[in-house]
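J.: Turn this into a structure:
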Amino acid sequence: MQDLTTLLDSAVRDTMSYLRTADPDAAADLAQLRRAHLTRPGVVVVGETKRGKSSLVNALLGVPGLSPVDAAVTTAAYLSFVPGDTFTARAWLPGGEQVAIDDLSAWARGHQRTRKIEVTHPAPLLQYLTLLDTPGAGGLDPVHATIALDAVRRATALLFVADASAPLSQPELDFLAAATERVDAVVFALTKIDAYPQWRTIAEDNRALLQAHAPRFAAAPWFPVSARLAEVALTADPATRDTLAAESKVPALQHALVELAGRGHQLRLANVLRAAHRDLTRLRDVADERVTAAAA
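T.: Reported below is the predicted structural model:
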């Protein structure tokens, strides 16, 4: 029996072959998307503003302050964290020029217009995958949701960040409903569990909301985490370090992301097929309209 990867490869080839005849432009877009998915596994981190998204990225990487955190300022550009022997940062300007930067915080907050900022770092998690920290979705600037959705389309998996202060908001649910068409695998993080004892109730409420608004993600795993405890653990004495790390629950999320990265090729093929499904559905609808017009 053929394995899943072989079946997915075959399905992608057959679909692209059909689209080259039925809609060459759609086939070209799909081919470009497939090429984008040939790189190492990438996890896009998305969340509403002030949900602790950048703090969680720092906790996952084990580097406090690496992704700029400021509740009063909305991130203006997305940050791509990739493996490297040392810390470096460079920005892609709108005209395509690349420049080295020394003040990551200023550039991330709109010091100058950028397409993206790439940060290299020897963090252990980056040996398995890349992390993309996107601008806050919805909320203060709906344009950021568009940027995040475009990043999700090119990702292997989505890490959606909510916090334990309240159930998912309508902008968050709208974003997830749109994301269902772009990515096959999603993992949820519920942050700030150290600050909100009712986090278990919030998690159950969120599952119910997903069932109603984005049912394909209703069974996706939720990881309750505390980025603050994870950061404290990094500088704690050896006697309490492991206990604090366990209480933060961040290691469980790290392991889940590494496991996703191990299935990266299959997930990337599934995402390409999800994009192809949209094109095929559109072509079917156009054909139905023509049949209806002809019958009339």
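J.: Could you use CA atoms for every contact and neighbour count after this?
T.: Noted.
J.: can you list the weak-confidence ranges in the stretch 151-296 of the chain?
T.: Applying pLDDT under 70 to the stretch 151-296 of the chain picks out residues 264-279, 283.
J.: Show me where it has its strands.
T.: Remark: strands assigned in the stretch 151-296 of the chain by DSSP state E, counting those that start in this stretch are 157-163, 186-191, 222-224.
J.: helices or strands up against the longest one?
T.: In this structure, strand 157-163 makes packing contacts with strand 42-47, strand 186-191, judged by 3 or more Cα pairs under 8 Å, 6 or more residues apart in numbering; DSSP states H and E.
J.: Could you report the neighbour count for residue 291?
T.: Using other Cα atoms under 10 Å, residue 291 is surrounded by 11 other residues.
J.: and the gap between it and residue 119?
T.: Counting by Cα to Cα, to the nearest Å, the gap between residue 291 and residue 119 amounts to 53 Å.
J.: and the residue nearest to residue 126 when sequence neighbours are not counted, how many neighbours does it have?
T.: Excluding the flanking residues, the one nearest residue 126 by Cα to Cα, 6 or more residues apart in numbering is residue 83, at 5.1 Å. Using other Cα under 10 Å, the number of residues around residue 83 comes to 19.
J.: Residue 83 contacts residue 89, correct?
T.: No: Residue 83 is beyond contact range of residue 89, at 11.7 Å (criterion: Cα atoms under 8 Å).
J.: Between the two, which contacts overlap?
T.: residue 120 (Cα atoms under 8 Å, 6 or more residues apart in numbering).
J.: picking up where we left off before, can you lay out the strands of the stretch 151-296 of the chain as TSV showing distance to residue 133 and mean neighbour count?
T.: TSV is the format used below for the strands of the stretch 151-296 of the chain (distance: least, Cα to Cα, whole Å; neighbours: other Cα atoms under 10 Å):
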stretch	distance to residue 133	mean neighbour count
strand 157-163	10	25
strand 186-191	14	23
strand 222-224	18	21
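J.: of all the ones you listed, which lies closest to residue 112?
T.: strand 157-163 (26.6 Å; Cα to Cα).
J.: contacting residues around that closest one?
T.: Strand 157-163 is contacted from outside by 42-48, 51-53, 152, 168, 183-193, 260, 267, using Cα under 8 Å, 6+ apart.
J.: Would you mind getting the angle between it and strand 186-191?
T.: Counting by axes from the mean of the first three to the mean of the last three Cα atoms, to 10 degrees, strand 157-163 points 30 degrees away from the direction of strand 186-191.
J.: Could you report the neighbour count for the closest residue to residue 85 other than its chain neighbours?
T.: Among residues not flanking residue 85 along the chain, residue 122 sits closest, at 5.2 Å (Cα to Cα, 6+ apart). Look at residue 122: counted by other Cα under 10 Å, it has 15 neighbours.
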